[in-house]
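Engineer: Here you go, sequence then predicted model.
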Amino acid sequence: MKAVDLHTHSNKSDGSYSPAALVDYAVSKGLRAVALTDHDTTDGLAEAVARAEELRLPGKPSVEVVPGIEFSTKLDDQDVHIVGLYISYDAPAFGAKLKEFVDSRTERNIKMCRNLQGAGIDITYEKLQARNPDAVITRAHYASFLLEEGYVKSRQDAFAKYLGDHTKYFVPREKVTPAQAVELILHAGGIPVLAHPPLYHMGRERLDRLVASLKNDGLMGIEALYSTYTNQDERDMLRLAKKYDLLLSGGSDFHGTNKPNLDLGVGFGKLFVPEGFLTAMKQALQEKNEKKG
């Protein structure tokens, strides 16, 4: 059985690989499928899908590209990420909603640049855009800028001094709720998946309540396998999946050189997401569409 990777990022958000290069790398790694799930944007999906089509020529290996997205949502003061898989990313209503997210990010980024200018840093939003054309600007891009310009000695230093949630330069942005993200993904014909729940450090009872609530909203899957999970994390995720009848998903959260030592398909070396996860998702989508028909 081949592996799949259902959580990756390109340079259209905060990864370092172009969408096409990501597909090429997935082929070289022998993956059965790769999902491109950039933060709050689908800008790289057409390129990734087109590259996969090019590689389907006779005699050439290929890989299935799963159209996806990762929504950054907020529940009270808690960041919660919702991944959408097999979304109809070219649907007009979906695109209109995404534009709202991008506009919200832009306003936040302009304010953050002003704050950093007050700290004596020669930075503007336009400079960030010029260095990262066509990308959704995230704090990872700020960290790269600060490091390259010599303001910090490491990316960790950048977050500790300037970019972290608790620094005086940080500007939170308006975020959708997890329930809203689930609803949007469902309307786009996709599978909403709760991403890397152990990273939220909620505690078992609070996480259980979150999953139960999102299940009522239409949540269909949970990331049962992830690069940083412990064996106990995996057991906990499998327990939640069974309790709430959720599909299993998994991925590396690959960002290229922006997350050193974390590789596509294998995470930090031990990750293996079986293609059976994807088979079950396709079956669930087929059954869902048959009920609609």
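Structural biologist: Structure received.

Engineer: Every contact and neighbour count from this point should use C-alpha atoms.
Structural biologist: Fine.

Engineer: Identify the single longest helix in this protein, thanks.
Structural biologist: As assigned by DSSP state H, the longest helix anywhere in the chain is helix 92-117.

Engineer: for the record, mean pLDDT for that helix?
Structural biologist: Averaging pLDDT along helix 92-117 yields 86.

Engineer: Just the buried residues of it, please?
Structural biologist: 94, 98, 101, 105-106, 108-109, 111-116 (16 or more other Cα atoms under 10 Å).

Engineer: what comes into contact with the following helix or strand past it?
Structural biologist: Using DSSP states H and E, the helix or strand that follows helix 92-117 in sequence is helix 125-131. Contact partners of helix 125-131, identified using Cα atoms under 8 Å, 6 or more residues apart in numbering, comprise N109, I110, C113, A135, I137, H141, Y142, F145.

Engineer: switch the cut-off to 7 Å
Structural biologist: N109, I110, C113 (Cα atoms under 7 Å, 6 or more residues apart in numbering).

Engineer: Relative to R239, which of those residues is nearest.
Structural biologist: N109 (39.2 Å; Cα to Cα).

Engineer: who are the neighbours in contact with that closest one?
Structural biologist: Per Cα under 7 Å, 6+ apart, neighbours of N109: Y125.

Engineer: rewinding a little: from the contacts of helix 125-131, pick the one nearest K215.
Structural biologist: Distances from K215 to the contacts of helix 125-131, taken by Cα to Cα, are shortest for N109, at 33.0 Å.

Engineer: all strands of this structure, in order?
Structural biologist: Along the chain, counting by DSSP state E, strands occupy 3-8, 33-36, 64-75, 78-85, 191-194, 221-226, 247-251, 273-274.

Engineer: K168: which of these is closest?
Structural biologist: Per Cα to Cα, nearest to K168 of the strands of the chain: strand 78-85, 19.0 Å.

Engineer: Which neighbours in the sheet does that closest one have, and how are they oriented?
Structural biologist: Strand pairing for strand 78-85, determined by DSSP bridges: strand 64-75 (antiparallel), strand 191-194 (antiparallel).

Engineer: so of these, which one's packed in deepest?
Structural biologist: Highest mean neighbour count of the strands paired with strand 78-85: strand 191-194, a mean of 27 (counted as mean count of other Cα atoms under 10 Å).

Engineer: contacts for that one?
Structural biologist: 81-86, 182, 185-186, 219-223.

Engineer: Out of those, grab the one that's most surrounded.
Structural biologist: G84 (32 neighbours; other Cα atoms under 10 Å).

Engineer: and that residue, what is it in contact with?
Structural biologist: By Cα under 7 Å, 6+ apart, the neighbours of G84 are G68, I69, E70, I185, G190, I191, P192, V193.

Engineer: and V34, what does it touch?
Structural biologist: The neighbourhood of V34, defined by Cα under 7 Å, 6+ apart, consists of V4, D5, L6, A26, E64, V65, V66.

Engineer: one more time with 8 Å
Structural biologist: Here V34 is in contact with V4, D5, L6, H7, T8, V23, A26, V63, E64, V65, V66 (Cα under 8 Å, 6+ apart).

Engineer: can I get those in CSV with pLDDT?
Structural biologist: Below are these laid out as CSV (pLDDT from 0 to 100):
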residue, pLDDT
V4, 98
D5, 98
L6, 98
H7, 98
T8, 98
V23, 97
A26, 97
V63, 94
E64, 96
V65, 98
V66, 98
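
Engineer: List buried members of those by neighbour count.
Structural biologist: Judged by 16+ other Cα under 10 Å, buried ones among the contacts of V34: V4, D5, L6, H7, T8, V23, A26, V63, E64, V65, V66.

Engineer: Which residue comes closest to the last one once chain neighbours are left out?
Structural biologist: Using Cα to Cα, 6 or more residues apart in numbering and skipping the chain neighbours, the partner closest in space to V66 is A35 (4.3 Å).

Engineer: Now for that neighbour: which residues touch it?
Structural biologist: D5, L6, H7, T8, V65, V66, P67, G68, L85.

Engineer: thought the third one was touching H255?
Structural biologist: It refers to H7. No - using Cα atoms under 8 Å, H7 makes no contact with H255, being 9.7 Å away.

Engineer: Check the separation of the first and last residues in stretch 52-66.
Structural biologist: From its first residue to its last, stretch 52-66 covers 10 Å (Cα to Cα, to the nearest Å).
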